[in-house]
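Novice: Provided below are the primary sequence and the corresponding predicted coordinates.
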Amino acid sequence: MHIEQLKLRNYRSYESLDLSFSPNINVLIGENAQGKTNIMEAIYVLAMAKSHRTSNDRELIRWGADYGKIEGAVQRKYGVLPLELTLSKKGKKARVNHLEQQRLSDYIGQLNVVMFAPEDLHLIKGSPQVRRRFLDMEIGQVSRVYLHDLLQFHKVMRQRNAILKANQGRSGLTDVMFDVYTDQYVDMAIRIIRKRFEFAEMLQKWAEPIHKGISRGLEELVITYETLKDIEPDQSAEEMAARLRERLEGLRQRELDRGVTLAGPHRDDLTFLVNGHDVQVYGSQGQQRTAALSLKLAEIELLRQETGESPVLLLDDVLSELDDYRQSHLLNTIQGQVQTLVTTTNVDGIMHETIQKADLYRVSAGTAEHENHDD
Amino acid sequence: MHYPEPISKLIDSFMKLPGIGPKTAARLAFHVLDMKEDTVLEFSKALVDAKRDLTFCSVCGHITDTDPCRICKDESRNKTMVCVVQEPKDVIAMEKMRDFNGLYHVLHGAISPMDGIGPEDINIPDLLKRLQDETVQEVILATNPTIEGEATAMYISRLIKPSGIRTTRIAHGLPVGGDLEYADEVTLSKALEGRREL
Ligand SMILES: Nc1ncnc2c1ncn2[C@@H]1O[C@H](COP(=O)(O)OP(=O)(O)OP(=O)(O)O)[C@@H](O)[C@H]1O
Ligand SMILES: [Mg+2]
Ligand SMILES: [Zn+2]
């Protein structure tokens, strides 16, 4: 799939912007703070109904305006699909083909994107929370059942925590309602865990050969999803549920002391091993960068596999961060296959012929214009 | 914008209704000005009467103008089956279907610890009292398929299981996370067929 047209109204620094993109490589060039990332972010928000930089939607609305709007025409296998997202202080409205969607979970996934920005390097180095968010966003793009389960999971956990809070400090708790919510909690938790296991396995399958390629055959990448110690991916759902239940019983008193749920997918993590060693702990900066790049390229493959179409790749400020070898590897992989938007302050550092042939857009002070090659 | 006081009061009143914002309220208020006086009087009387004359049935909790309600009083209905729902509107949805001939019990909510709503805060104690004589043999739990609706159904079924009364849960065909009210009649009827033992 690719995005043909993008219209912004009162979005970040843009009062009004209309752009058409090429299905191949599009390069946005501009000085710092001119609005390059704002365009990338707008496309990301159009896809995910949520920014990659902030969880506060109000920041997305242009200063002084009451509402903002992102519209896109997405070319898919079966035709052009108009998407529209209106942001206001009261909330957001999403339209597919001009029809308003009651649930955002029905909207997400109409446009698939993979964003690679400098902060993605934190994916390896950062806290487990960053990796859980990555898992949730990526699985959410391909499975609306997962998004729905995730909402339900958090709701059940809040209910269960409310009972724990109400009984905080007590020793022991016998309450039918607590048992009922614990049963529901275990049920939802296992659904989330199973989906994440499945996703990590696919990610591993695609990322491993890609990583080998970028590291010139020297490194073997292994991605694993880590949950409770005695829960393994090959167990049945019932078995997993029994383990989690057991663990919760063991933690009962501590849960009552603290007033919160202490075991479940909200405490899990994704780990990356290179040649058997944890990259987060032992990896050099270059190795962490390569692992992050492999992960992003694997995501493209994975989305292609799941949806039958290539996602749109958004490369914000990262191309110039990669050395020549990694740059070529990346550009050769996407060339002619994946619509890509690249931002940079300067094309001089990027000699690859793919970029030399790309469509250029000059971004400056809240405007962006398509530029011909001949000037 | 400044309206004469009677109008702005009317607009404020319309805005107390669910789903009505300032624009719609203003449109409705100006429409009222164009209506015949008789019609307006009838309308306001209907509002007051609905509030004054309707109470909750002391047996099942449904809204009614007689106590017990018409459903509870109807001798032709099957008194061995009680269908537990969250809201009066759910009874109305079930009745439209005409397939169910038992009685109802309206909870007026669902158990939600984070909102401070426990079993005693909804119509559960009355349900348990109602089940003490031997008449009822099956309780059909038709609470909404939301987290709280499910939890409430599971809670009730655990409480009445020891009494030997059969408990079933409507399940199939209902949109997940949705309200019973929005389910169309066919889905509801399928849901009733597919009820399962809890
Ligand atoms: N809600 C908003 N309303 C108006 N302007 C905004 C809003 N949010 C951000 N901006 C402006 O947008 C500009 C930043 O744009 P953006 O992040 O796209 O820059 P950039 O071109 O990617 O720069 P860099 O090369 O430094 O990454 C800032 O100057 C900021 O003042
Ligand atoms: Mg930027
Ligand atoms: Zn009644």
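Specialist: In hand now; what should we look at? If you're wondering where the values come from, they're calculated on a predicted model, not measured in any experiment. Ligands and ions are numbered 1, 2, ... in the order given.
Novice: ok, and the residue sitting nearest the centre point of chain A, which helix or strand is that part of?
Specialist: Among the residues of chain A, the one closest to the centroid is residue A:137, at 4.1 Å (C-alpha atoms, centre = their mean). Assigned by DSSP states H and E, residue A:137 belongs to helix A:128-142.
Novice: okay, now the closest residue to residue A:76 other than its chain neighbours: neighbour count?
Specialist: Counting by C-beta to C-beta, 6 or more residues apart in numbering or on different chains, residue A:1 is the residue found nearest to residue A:76 once chain neighbours are left out, at 4.8 Å. The way it works is simple: take the backbone N, C-alpha and C, and place the C-beta from them, glycine included. By other C-beta atoms under 10 Å in any protein chain shown, 23 other residues sit near residue A:1.
Novice: Please report how far residue A:1 lies from residue A:78.
Specialist: Computed as C-beta to C-beta, to the nearest Å, the residue A:1 to residue A:78 distance reads 10 Å.
Novice: before we move on, what about residue A:216?
Specialist: For residue A:216, the distance to residue A:78 equals 40 Å [C-beta to C-beta].
Novice: name the element the nearest residue to residue A:315 once chain neighbours are set aside belongs to?
Specialist: Nearest residue to residue A:315, sequence neighbours excluded (C-beta to C-beta, 6+ apart): residue A:342, at 4.6 Å. Secondary structure from DSSP H and E places residue A:342 in strand A:340-344.
Novice: now residue A:255
Specialist: Counting by DSSP H and E, residue A:255 is found in helix A:237-258.
Novice: per-domain residue ranges of chain B.
Specialist: With the TED database as the criterion, the domains of chain B are listed as B:5-53, B:77-169.
Novice: And residue B:195, what's its pLDDT?
Specialist: You'll see residue B:195 listed with a pLDDT of 57.
Novice: Oh, that last question was meant for residue A:375, not what I typed.
Specialist: At residue A:375, pLDDT is 44.
Novice: Residue B:127: neighbouring residues, count only.
Specialist: By other C-beta under 10 Å, 22 other residues sit near residue B:127.
Novice: I'd guessed it sits against residue B:103; true?
Specialist: No: with contact defined as C-beta atoms under 8 Å, residue B:127 does not reach residue B:103; the gap is 11.3 Å.
Novice: Dump the helix or strand hosting residue B:38 to PDB, keeping only the CA atoms.
Specialist: Element membership for residue B:38 (DSSP H and E) is helix B:37-53. Output in PDB follows, covering the C-alpha atoms of helix B:37-53 (Å, rounded to 0.1, in the frame of the first residue of the first chain):
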ATOM      1  CA  GLU B  37     -49.900  25.500  22.600                       C
ATOM      2  CA  ASP B  38     -52.000  22.300  23.000                       C
ATOM      3  CA  THR B  39     -49.200  20.100  21.700                       C
ATOM      4  CA  VAL B  40     -46.700  21.800  24.000                       C
ATOM      5  CA  LEU B  41     -49.000  21.300  27.100                       C
ATOM      6  CA  GLU B  42     -49.500  17.600  26.200                       C
ATOM      7  CA  PHE B  43     -45.800  17.200  25.800                       C
ATOM      8  CA  SER B  44     -45.000  18.700  29.200                       C
ATOM      9  CA  LYS B  45     -47.700  16.700  30.900                       C
ATOM     10  CA  ALA B  46     -46.300  13.500  29.300                       C
ATOM     11  CA  LEU B  47     -42.900  14.300  30.800                       C
ATOM     12  CA  VAL B  48     -44.300  15.000  34.300                       C
ATOM     13  CA  ASP B  49     -46.600  11.900  34.200                       C
ATOM     14  CA  ALA B  50     -43.900   9.600  33.100                       C
ATOM     15  CA  LYS B  51     -41.800  10.700  36.100                       C
ATOM     16  CA  ARG B  52     -44.700  10.700  38.600                       C
ATOM     17  CA  ASP B  53     -46.600   7.600  37.700                       C
END
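Novice: Quick one: mean pLDDT for it?
Specialist: pLDDT averaged over helix B:37-53 gives 90.
Novice: and if you look at stretch A:301-315?
Specialist: Stretch A:301-315 carries an average pLDDT of 92.
Novice: ok, which residues in chain B are in contact with chain A?
Specialist: Chain B has residues B:111-114, B:118-119, B:147-148, B:150-151, B:154-155, B:158-159, B:176-177 near chain A, with proximity defined as C-beta under 8 Å from any C-beta of the partner chain.
Novice: tally of neighbours for residue B:99?
Specialist: Per other C-beta under 10 Å, the neighbour tally for residue B:99 reads 12.
Novice: What score does it have for pLDDT?
Specialist: 85.
Novice: ok so it is a helix residue?
Specialist: No: under DSSP: H, G, I helix; E, B strand; the rest coil, residue B:99 sits outside any helix and is assigned coil.
Novice: From residue B:170, how far off is it?
Specialist: Distance, residue B:99 to residue B:170, by C-beta to C-beta: 12 Å.
Novice: re the thing from before, what subset of the residues of chain B next to chain A is buried?
Specialist: Those of the residues of chain B next to chain A that meet the buried threshold are B:111-113, B:118-119, B:147-148, B:150-151, B:154-155, B:158-159, B:177, by 16 or more other C-beta atoms under 10 Å in any protein chain shown.
Novice: The closest residue to residue A:257 other than its chain neighbours in helix, strand or coil?
Specialist: Nearest non-adjacent residue to residue A:257, counting by C-beta to C-beta, 6+ apart: residue A:169, 6.9 Å away. Assigned with three-state DSSP, residue A:169 falls in the coil class.
Novice: from what I can see residue A:169 touches residue A:255, true?
Specialist: No: Residue A:169 is beyond contact range of residue A:255, at 11.6 Å (criterion: C-beta under 8 Å).
Novice: tell me what the strand holding residue A:342 is packed against?
Specialist: Counting contacts by 3 or more C-beta pairs under 8 Å, 6 or more residues apart in numbering or on different chains; DSSP states H and E, strand A:340-344 packs against strand A:25-29, helix A:36-48, strand A:312-316.
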